[in-house]
Structure formats: C-alpha cells, structure tokens
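[1] Return atomic coordinates for the entry below.
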Amino acid sequence: MKIGIVVTLLVLCSHFYVVSAKALIKGLALSPIRTESVVASGESVKYKLTLTNYSDRPMAVALSAEEFSVVGQSYDYSFDMQSNVSKWVTFDRTVVQLDPGKSSIVPYVVKVPQDAEPGGRYISLFASTDVQNVSGELSTEQRIASLIYLTVKGNVTRTGELKSLQSPFVFDGYQPWKITIANRGTAHFRSRYSVSVRSIFDGQEVASKTDDSLILPSTTRAIDAPMPVLKYLGVYRAVYTVGLGDSPAVTREKYIIFLPKQLYVPLLSLIVIFVGGLVYGGWKIIRRIKRKSVD
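    Alright, predicted model coming up:
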C-alpha cells in the first residue's frame, strides 16, 4: 500500500523547518535529514538519529520505516509501509519519551539481505508525535522524516540523459533556466549543473552559478536552476554544463539578453520617443514633398 504524505515533504527544507518548529509549532525536530551510504549485500550498518523536543510539554515519539519513491517529473514523494526494504531497518527502540527541551539519540541498524541485488534503495525513517500550536488551542499529529539513500554494492549503473534544456532569451534577473534529466541506471547520482555567463566580445566570464540535485534511478526530474546575478544591460553568451552520472557531461551554449525590470519603463519611453520621432520626421518629409509638387 503506497501512501503520499504531503506534510512530510517539509523534511526537504530541513533548516527552515527546524527554525519553524522552534518558533511556531514548538514541536519535534529530527536529524540528520538525509543519509547517503554504500553497503554490501549481507552487511549490517549502524546509524543514529537525534530527536529533539522543542515544545513545553513531554512527548512520546514513535519511530517507523517505509520505502519511498518519487512520482512524476516534479518528484512528488510516495511511501510504501509494507515494502520488504523497509524491514531492513531495526530501531534500538520504536517509542522514545522526550522531556521538554531535551534530545535523545536513537541507534538503528540497516541490514541488507545476502540476496539483495545491486542498486539503489530508498528508505524514509518517520518520527511521529502529537504537537500543539503556540496558543495550545489546537492539537495535531506531527510526522517528520529522515531519508536514507542506500546503494547496494555490485554492478551498479548511473546512466544519465539530458532530455531538455531551456534558456531564458530575455532575462530580467529572476527567470531560471530549466533542465529535464533522466536516470536510466540502477542507482541515484548527484547531477552537478552550472551556467557561465560570458561576454560576447572577448569570451570572459562575467558571472556563474552552480548547483546540484539527486536523480533517482528509472526516473526523470524537472529542475528549475537559478541564473547568476548580472550587473549590466546587454547581450551575453550563456554556457550551460549538466552532469549526468557515469555518462559524459553535456554542454550547451545560448545567447541571452539581460534586461532588468527597472529599465522596462525608461527603455519603453525611449522607444516611444524614437518611434514618435521617426513618425514625425516622416510626416514632415511627406508635407515637404507635397508642397514641392503643388509649387
């Protein structure tokens, strides 16, 4: 049975979420938010979770494990509580009592079966408890997660493919460039992508921006990547580079026009004045020609 749990997606904004928990919800915090590990079949590995109670009352925290996957190019998360992979995880204790303002470290073990095939496995460790808002008027269940990106050793492939790349033509400082990346392999990889904005005259770099994203196996991910900050109005050459796991990185070049929004009105005014001048000049010339023909 697969369950999509929207509330748990707050885990992807871990730092902001912890601050929000302390300032607004006064609830539960969990770390680490993400663990990446490479394990051999038949191997058992020990890890630790840290739970912190930022509320002003005691809480009982229940721990559980579910296999997770992603749906669609936007990477919506789906969870399977009955998967065999989720049974690879054994907690030292499944219920933790936390006093206000206190933390607790909970050991757990991931035991990979001897017959596990090489490739990626993805497990979400959930911590659940009841929380109250600041006023104490409402009570709801808080469910946060720590994600495990596990790779079982062996003949593992990370075959990336760039499906599409869209570059903004007129760039006002806010539009992203967009890429769609597919992973045809058996394990996830971290795609590192960058854009280098260069002068069209001497090719010198004037600004650059680099970022990265995880691409899970047998999925296609759509990514909005930020453009670098530019200072001066003009035409530039943008050089995009996208990492594709074990496949060679791909490079694309596009021309972009940097036109800040604050220049829209002045430039439009200049265009109106210029066009108006042309129209008026043309009208004057036509009148002069007509007068000469009459004379």
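[2] Show me where the stretch 51-200 of the chain dips below the pLDDT cut-off.
    Applying pLDDT under 70 to the stretch 51-200 of the chain flags the ranges 131-140.
[3] Tell me which stretches of it form strands.
    Assigned by DSSP state E, counting those that start in this stretch, the stretch 51-200 of the chain shows strands spanning 59-71, 76-80, 89-91, 95-98, 103-111, 119-132, 139-152, 160-166, 170-171, 177-183, 189-199.
[4] could you give the angle of the first one to strand 119-132?
    To tie it back to what came earlier, the one meant is strand 59-71. Strand 59-71 runs at 140 degrees relative to strand 119-132, counting by axes from the mean of the first three to the mean of the last three C-alpha atoms, to 10 degrees.
[5] returning to that earlier point: kindly reformat the strands of the stretch 51-200 of the chain as JSON lines containing distance to Leu214.
    In short, each C-beta sits where N, CA and C put it, glycine included. Below are the strands of the stretch 51-200 of the chain laid out as JSON lines (distance: least, C-beta to C-beta, whole Å):
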{"stretch": "strand 59-71", "distance to Leu214": "10"}
{"stretch": "strand 76-80", "distance to Leu214": "12"}
{"stretch": "strand 89-91", "distance to Leu214": "20"}
{"stretch": "strand 95-98", "distance to Leu214": "29"}
{"stretch": "strand 103-111", "distance to Leu214": "19"}
{"stretch": "strand 119-132", "distance to Leu214": "10"}
{"stretch": "strand 139-152", "distance to Leu214": "7"}
{"stretch": "strand 160-166", "distance to Leu214": "12"}
{"stretch": "strand 170-171", "distance to Leu214": "27"}
{"stretch": "strand 177-183", "distance to Leu214": "9"}
{"stretch": "strand 189-199", "distance to Leu214": "6"}
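[6] Dump those strands to a markdown table, plus mean neighbour count.
    Listed next are these as a markdown table, based on neighbours: other C-beta atoms under 10 Å:
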| stretch | mean neighbour count |
| --- | --- |
| strand 59-71 | 19 |
| strand 76-80 | 17 |
| strand 89-91 | 17 |
| strand 95-98 | 16 |
| strand 103-111 | 15 |
| strand 119-132 | 20 |
| strand 139-152 | 19 |
| strand 160-166 | 16 |
| strand 170-171 | 14 |
| strand 177-183 | 21 |
| strand 189-199 | 19 |
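[7] Gly101 contacts Tyr54, doesn't it?
    Yes: Gly101 lies in contact with Tyr54 (C-beta atoms under 8 Å); the separation is 7.3 Å.
[8] Neighbour count for these two, which is higher?
    Tyr54 (20 against 10; other C-beta atoms under 10 Å).
[9] how near is the more buried one to Tyr255?
    50 Å (C-beta to C-beta, to the nearest Å).
[10] same question, Gly282
    32 Å.
[11] One more: Glu67?
    For Glu67 relative to Tyr255 (C-beta to C-beta), the value is 45 Å.
[12] which stretch of helix or strand covers Val275?
    Assessed by DSSP states H and E, Val275 sits inside helix 264-294.
[13] is the residue most central in space within the chain in a bridge, and if so with what?
    The residue lying closest to the centre of the chain (C-alpha atoms, centre = their mean) is Ser213, at 6.1 Å. Note on Ser213: beta-bridge partners by DSSP bridges are Ser191.
[14] and if you look at Asp224?
    Lys178.
[15] Contact partners for it?
    Asp224 makes contact with Pro176, Trp177, Lys178, according to C-beta atoms under 8 Å, 6 or more residues apart in numbering.
[16] Could you tell me which residues make contact with the last one?
    This points to Lys178. Counted by C-beta under 8 Å, 6+ apart, Lys178 has contacts Ser164, Leu165, Gln166, Ala222, Ile223, Asp224, Ala225.
[17] quick one: the second one from Asp99, how far?
    In this structure, Leu165 and Asp99 are separated by 52 Å, where distance is defined by C-beta to C-beta.
[18] backbone phi and psi for Glu43, please?
    Main-chain torsions, Glu43, degrees, to the nearest 10: phi -90, psi 150.
[19] Spatially, what comes nearest to it if we skip its sequence neighbours?
    The shortest distance from Glu43 to any non-neighbouring residue, by C-beta to C-beta, 6 or more residues apart in numbering, is to Val112 (5.5 Å).
[20] Do I have it right that that neighbour meets Asn84?
    No: counting by C-beta under 8 Å, Val112 does not reach Asn84; the two are 11.5 Å apart.
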